[in-house]
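> structure for the following, please:
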Amino acid sequence: MKIAILGSAPSSMRLAPYGDPAWKIWGCSPGLYPGMPRCDAWFELHRWEPPVIGKPDAQKPWFSPEYVAWMAGLRCPVWMFLPVPEIPNSKALPAQALMEKFGNYFMTSSISWMMAMAIDQIMLERQQDPEHDISGDQIALYGVDMAATEEYGYQRAGAQYFVQMANNLGIAIVVPPESDLLRPMPPYGICETDEY
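Numbering: from 1, shown residues only. Predicted coordinates:
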């Protein structure tokens, strides 16, 4: 199984394998949707605060009327913490089941939830199909840099945790060189020695 997880970092979000049907395309972020040629699953995990027509001061910037209308028109699942009637294909994210499998310490962003769900689906497919070729299992991360420390400082470790978990399970990780997601912090203590 091949799953491409997309965020909105401009460095690589357009590099995703949209034209390759072997890849499932999963996206999140209102900064991504305008340029997506294909979407197999969408994740909107923020508290539902839709726009109030005629009250622009009450509107959250990430829930513009255009974004909400776009999600409402999707034919693929729209994963939310709770489904809402305004989004016909909204489904409840299996958050409790994912936390029972992976814990809750690293559920620090939409990307972390998406990674956990991708790992879960790949492992489920492996269990259901004894002939499954695990060498083809991949998770790719496009548009996921998490470089801004003020916004992503606490979120980055969660994404890196699930990258490491996927590697440990034999799931290949694809991250374009434009992203700095896989540049870890120097190891604490050791980085202060001359040998490092």
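
> pLDDT below threshold where in this protein?
146-156, 179-196 (pLDDT under 70).

> packing partners for the longest helix belonging to it?
Once the chain is assigned using DSSP state H, the helix that runs over the most residues is helix 110-128. Counting by 3 or more Cβ pairs under 8 Å, 6 or more residues apart in numbering; DSSP states H and E, the packing neighbours recorded for helix 110-128 are strand 2-6, strand 23-28, strand 41-43, helix 95-102, strand 138-142, helix 156-168. Just so you know, the C-beta spots here come from the backbone N, C-alpha and C atoms, and that holds for glycine as well.

> go again with 6 Å.
In terms of contacts (3 or more Cβ pairs under 6 Å, 6 or more residues apart in numbering; DSSP states H and E), helix 110-128 is packed against helix 156-168.

> what strands line up against the next helix or strand after the helix it packs on, and which way round?
Counting by DSSP states H and E, the element after helix 156-168 in chain order, helix or strand, is strand 172-174. Looking at strand 172-174 with DSSP bridges, its partner strands are strand 138-142 (parallel).

> what's in contact with the partner strand?
By Cβ atoms under 6 Å, 6 or more residues apart in numbering, the residues outside strand 138-142 that reach it are 2-6, 12-13, 15-16, 118, 166, 171-175.

> quick revisit: go through the longest helix of the chain and flag the buried ones.
By 16 or more other Cβ atoms under 10 Å, the buried positions in helix 110-128 come out as 110-119, 122-123, 126.

> quick one: the residue nearest the centre of the chain from Ala69, how far?
Closest to where the C-alpha atoms of the chain average out (Cα atoms, centre = their mean) is Ile111, at 3.1 Å. Using Cβ to Cβ, to the nearest Å, we find Ile111 at a distance of 24 Å from Ala69.
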